[in-house]
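K.L.:
need coordinates for the following:
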Amino acid sequence: VHTAVYSWHPREKRGVPSAVITMSASVAKIVVAPALAVVAGAFGWRAAFLSLAGIGLVWLAFWLPTWKLGPYGGEAAKAATHVEADSEPNVPWVKVLTSGTFIGGWLASMPVYAIVAAVLTFLPSYFEKGLGFTRVQAGSMFGFPSITSMIALIAMSSQTVIRGRSEGSWSALTVTNNQL
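P.N.:
Reported below is the predicted structural model:
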């Protein structure tokens with residue numbers, strides 16, 4: 001993943017490839033989860049596990065012989081990011097870890113990971129055992145949270161692009177050092 005973004009794209013153009021790779025996890029849940037539910041429903045969970053392992057091995061067999069470092073990786077990256085030791089800022093870890101940006105990101109990530117944990121572990125079982133859907137139906141509905149979050153992400157990002165800046169819509173939610 002890092003090689004696909006960082007060694008093949010210049011620093012100023014890495015945002016879109018990073019977003020596409022991040023969004024591909026949601027797309028995979030939308031596409032792959034229903035297919036795995038069908039395999040698990042017909043042949044059991046072991047068959048679903050083995051089918052993922054087989055697909056991974058096929059991908060590895062294709063990827064290993066064709067992969068190469070991009071034009072912005074390796075020595076080119078070192079040369080482009082070379083900074084004199086005297087001009088590089090030396091910020092203590094305590095200052096970084098107590099900054100508003102770090103604390104705000106940390107606090108925002110906790111509910112996100114709680115939701116992800118609930119969706120990945122609880123939601124399919126709830127659909128199947130709690131609401132009475134079949135395993136295939138529950139697997140098909142597994143992608144609903146991803147579809148919802150992708151729509152929300154696209155809507156929020158398009159609004160910030162229309163406004164011409166990304167920080168404007170979130171300025172009320174940001175935490176600065178003075179507010180902590």
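K.L.:
hmm, F133 is touching G139, no?
P.N.:
No. Look at F133 against G139 with C-beta atoms under 8 Å: they stay out of range, at 9.2 Å. For every residue, glycine as well, the C-beta is placed using N, CA and C.
K.L.:
more neighbours, those two?
P.N.:
G139 (24 against 16; other C-beta atoms under 10 Å).
K.L.:
secondary structure class of the more buried one, three-state.
P.N.:
helix (DSSP: H, G, I helix; E, B strand; the rest coil).
K.L.:
now it: closest residue in space, sequence neighbours ignored.
P.N.:
Nearest residue to G139, sequence neighbours excluded (C-beta to C-beta, 6 or more residues apart in numbering): A37, at 2.1 Å.
K.L.:
for the longest helix seen in the chain, packing partners?
P.N.:
If you go by DSSP state H, the chain has its longest helix at helix 15-43. If contacts are counted by 3 or more C-beta pairs under 8 Å, 6 or more residues apart in numbering; DSSP states H and E, helix 15-43 sits against helix 45-66, helix 135-141, helix 144-163.
K.L.:
hmm, who's touching the second one?
P.N.:
For helix 135-141, the surrounding residues in contact (C-beta atoms under 8 Å, 6 or more residues apart in numbering) are 33-34, 36-38, 40-41, 124-125, 127-128, 133.
K.L.:
try it again at 10 Å.
P.N.:
Identification of contacts with helix 135-141 by C-beta atoms under 10 Å, 6 or more residues apart in numbering yields 30, 32-42, 45, 48, 123-134.
K.L.:
that's all I had, so thanks and see you.
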